[in-house]
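Trainee: For reference, the sequence and a predicted model appear below.
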Amino acid sequence: MSVARKRLRYIARRLGQAVPIVLGIVVTNFFLLQLAPGDAADVLAGEAGSATPEYMAMLRQRFGLDQPLFTQLFYYVKNVLLLDLGFSFRHNMPVLHLILERLGPTLLLMGATLVLSVASGVLLGLLAATRVGSWRDTMISILAIVSYATPLFWVGLMLIVAFSLKLDWLPATGMESVGMFYSGWERVVDVSRHLVLPAITLSLFYMALYARLMRAAMIEQSRMDYVTTARAKGLSERRVTFRHVLRNALLPVFTMAGVQTGNLLGGSVIVESVFGWPGLGLLAFQSLFARDFNLLLGIFFLSACLVVIVNLLVDLLYTFVDPRIEVG
Amino acid sequence: MSADDIAQRWDRRTFLKGTGTVAAGAALGSWLLPGSTLAAKPKVGGTLVHLVQPEVPTLATFLSTSIPVSQAGTRAYAGLLEYNFDLSPKPSLAESWTVTDQGRTVTFKLRRGVKFHDGKPLTSADVQFSIMEVLKKFHPRAANSFKEVEKIETPDPQTAVFRLNKPAPYMMMVLSGFETPIVPKHLFEGTDIKNSKYANEPVGAGPFKFVEWKRGQYIRFDRFGDYFKSGQPYLERVVVRSIADTATRSAVLEKGEVHLAGFGAVPYSDVIQLAKLPHITVTKKGYESSSPIVQIDFNTRKAPFDNKKVRQAVAYALERKYIIDKIWFGFGRVATGPINSNFKASGLYTSDVKNYEVANGLEIANRLLDEAGFKRNASGVRFEVTHDITPYGEEWQRFGEYVKQRLDQLGIKVTLRYEDVATWLRRVYTEYDFQFTSNWLQTFPDPVIGVHRMHHSASIRKGTVFVNNTGWSSPKTDELMDKAAIEPDAAKRAQLYKEFQQIVVEECAITYIHELEFPTIYNNKYVEIIDSALGVLGNFDQAYLKS
């Protein structure tokens, strides 16, 4: 069997296995959310400032909240299987539509963060590990600890104060300049400018993590016998580092990055709220407080799918970084 | 600089020093420059970015009265009337109105040539349809506001005749584009109004036309060229944005990325800082139609607050001036009772009630608690209670902490509880599982709409939010409210409300702390934004960009 066919079969099997897992997550989430007191009608009426009992009853009926719990669950799961994520009564819109609108910005921010944090983390880890104990190593370690320990919202605000308010280099909030309605290349530049601060903010934490992980992995690998062998063969230090050590040291970093994609969505709640980034994290956060459970379940469903896919990608990536690893 | 600018700057200064009133400042401003060069005729142009917090879920002001929904949606809608700062009505879609038949017939003459955003003319049939078929059925407050409206006749396209079962003077206060948006019958008729597609793409006769909504980013309204006030509006565009983080909100106002924020969107401490910037103006005007009051609700069903003396003791113990100055940074006035002092002009407000804001409050409170039979035990504690904090942000937490410390001095041991909005609403209004809670209620442009709901026996409705949760009511006060609701004579109505206020304040099921004064912060290259009692809920049709 060719490698490509093997890979395809592997992907199909993994995706098949994911279906019951994701469904299990959906059902669990459904019950978890029932634990929160108060419902969407309470919140909507609360925001309205006043409402008649008839109005409240009308809302509950409309939202299906007057149905027994298991009936609600049954319909929900049935709909999810048909890829219908339901209707957000709060937003008066289909959940899928709302999520898709926010998915682009989230993927953009997550993607940029992932690339930025892995690239800079790997680089810093590499720089530190190649001169263990030097001032360079110490500086990088300090930087990593500081960025790991600093709260995200504070970093974000300080970046806004420095680069937006004081220096006026970059916009403070949003994904695009409001009221400018750019298109084409101009829009790409505009969005990129808006992306810089949030992506850096969200990356710092993960960069620190990957830098430390990378450094440890490099040091560990460089003590292995195969490195000694390579050196004994007379390979240059550069070749030993890049051809041998680096490849092996990258694997734990990729594993970690894969596992953390889910977390990234959580971390982005803070970054999105500080920078007014129109992503899913903030939408999830707001839906919880508004008890807009259809929407929240939809977001959970999507992020579960996202985590499954990213982990699959990471596993495939292994086979490219280290051809000795086979899918099967 | 126009007289208006002077007035606005003056407004800011008086506000900063905390002396003088807004009205006096404005009057003095125009007096300083008698016959000053009037503002050059405003030119069309400019994009006003309006920061609305929290994020807007829909634009259906005909289904929701939530503050964010209204702040965004009202751009598109016009109402029959508008209101001056003293809450007196002025024409809008209705050119004139007459009240006949002892207050049971109200006839509105509509302006000619009014168009909806889709180009179709607005007629009395739209008014009838909006009120009878949309608002009365689906709007959270209209069922009450238009309770007495039996039918609306439309003898001709320019005339709408409201036939009432009983006189309803309060109805005249809710006819703005915010509270009673007139929607196009031809688009709504025969559709499922609850799930209307126009919920998120409003079509009205207001000054700004909905263009697009990029969720999570902005909502865009452009100038409606066929608006019925010729030449208006002046702004080319109004864009609504939300930013979840409070500190960022202050930063973007400072930077000028957004130009306007009202309803406490920025923390009070930051408002003080922003007000010092030359390009920022802060005003307290524009909340007359909401007239919010901060209060403490006692659950009178259970000990210890079933005892009037205990409730009064708490009322005496809290220093309202201190709370306003230290917790709300001066944004408020001492409240005396259920009716906001904004109603002074209409005669409905009285300060002739029992006064709890006295220097020796703690002393009186201790005496009352002794009389009520709650003696201190060996460790000086009389009893223990749990206080629920309103889940709307930091000030409320500080307020809760203050209540705890203050009552501690009376020997009342307080445990504080802070939950999220949905949980708190459930606890306080559905389960009545609370002892006393801080709260704030809008009293709206008339007591029938805003005040009755907190005191009437008929408003003790389990599961309905922001109604009578204390469980206290009396046949006497019910009668006073019922009479006042349908009393067309202003003086007689005032007398009824005076007696009502005296009883309610004495009984103290709720203790009134302060009349909340929200700051509205705006970039002063825009003028005339806050031009009516509706403030940021108004339609901005007079606002313009200074050239």
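Mentor: Good, I have the coordinates.

Trainee: The stretch 51-200 of chain A against chain B: which residues are in contact?
Mentor: Neighbours of chain B within the stretch 51-200 of chain A, by C-beta under 8 Å from any C-beta of the partner chain: A:51-56, A:58, A:62, A:90-93, A:98, A:101-102, A:105, A:153, A:156-157, A:160-161, A:164-165, A:171-176, A:178-179. Where you see a C-beta, it was placed from the backbone N, CA and C, and this is true even at glycine.

Trainee: so residue B:204 makes contact with residue B:77?
Mentor: Yes - under the criterion of C-beta atoms under 8 Å, residue B:204 makes contact with residue B:77 at 3.7 Å.

Trainee: Give me the more crowded residue out of these two.
Mentor: Between residue B:204 and residue B:77, counting by other C-beta atoms under 10 Å in any protein chain shown, residue B:204 is the more crowded of the two (31 against 28).

Trainee: now the more buried one, what's its secondary structure?
Mentor: What DSSP: H, G, I helix; E, B strand; the rest coil gives for residue B:204 is coil.

Trainee: confidence score at it?
Mentor: Model confidence at residue B:204, given as pLDDT, is 95.

Trainee: Now do the contacts for it.
Mentor: B:76, B:77, B:78, B:116, B:117, B:177, B:181, B:182, B:183, B:184 (C-beta atoms under 8 Å, 6 or more residues apart in numbering or on different chains).

Trainee: same question for stretch B:393-400, mean pLDDT?
Mentor: The model assigns stretch B:393-400 a mean pLDDT of 91.

Trainee: before we move on, back to that, restrict the contacts of residue B:204 to those near chain A?
Mentor: Contacts with chain A within those, counted by C-beta under 8 Å from any C-beta: none were found.

Trainee: Mark which of those are buried, thanks.
Mentor: B:76, B:77, B:78, B:116, B:117, B:177, B:181, B:182, B:183, B:184 (16 or more other C-beta atoms under 10 Å in any protein chain shown).

Trainee: Flag the shaky bits of chain A, pLDDT-wise.
Mentor: By pLDDT under 70, the low-scoring segments of chain A are A:1, A:48-51, A:178-181, A:327-328.

Trainee: the helices in it, which residues?
Mentor: For chain A, the helices defined by DSSP state H occupy A:3-34, A:40-48, A:53-63, A:69-81, A:95-129, A:135-149, A:152-159, A:184-222, A:225-232, A:237-239, A:246-275, A:280-290, A:293-321.

Trainee: circling back: got any residues that touch both of residue B:204 and residue B:77?
Mentor: Here residue B:204 and residue B:77 have B:177, B:181, B:182, B:183 as joint contacts, going by C-beta under 8 Å, 6+ apart.

Trainee: JSON lines for those, including pLDDT?
Mentor: As requested, the shared contacts of residue B:204 and residue B:77 are exported to JSON lines (pLDDT from 0 to 100):
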{"residue": "B:177", "pLDDT": "94"}
{"residue": "B:181", "pLDDT": "96"}
{"residue": "B:182", "pLDDT": "96"}
{"residue": "B:183", "pLDDT": "96"}
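
Trainee: would a markdown table of those with secondary structure be doable?
Mentor: Shown next, in a markdown table, are the shared contacts of residue B:204 and residue B:77 (three-state DSSP):
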| residue | secondary structure |
| --- | --- |
| B:177 | coil |
| B:181 | coil |
| B:182 | coil |
| B:183 | coil |
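
Trainee: Just give me the neighbour total for the nearest residue to residue B:168 once chain neighbours are set aside.
Mentor: Leaving aside its sequence neighbours, residue B:168 sits nearest to residue B:148 (C-beta to C-beta, 6 or more residues apart in numbering or on different chains; 4.3 Å). By the measure other C-beta under 10 Å, the count of residues near residue B:148 is 19.

Trainee: Check the one 10 residues further on too.
Mentor: Residue crowding around residue B:158 was assessed by other C-beta under 10 Å; the count is 16.

Trainee: again with residue B:154
Mentor: Around residue B:154 there are 17 residues (other C-beta under 10 Å).

Trainee: So for it, what's the nearest residue that isn't a sequence neighbour?
Mentor: Nearest non-adjacent residue to residue B:154, counting by C-beta to C-beta, 6+ apart: residue B:124, 4.0 Å away.
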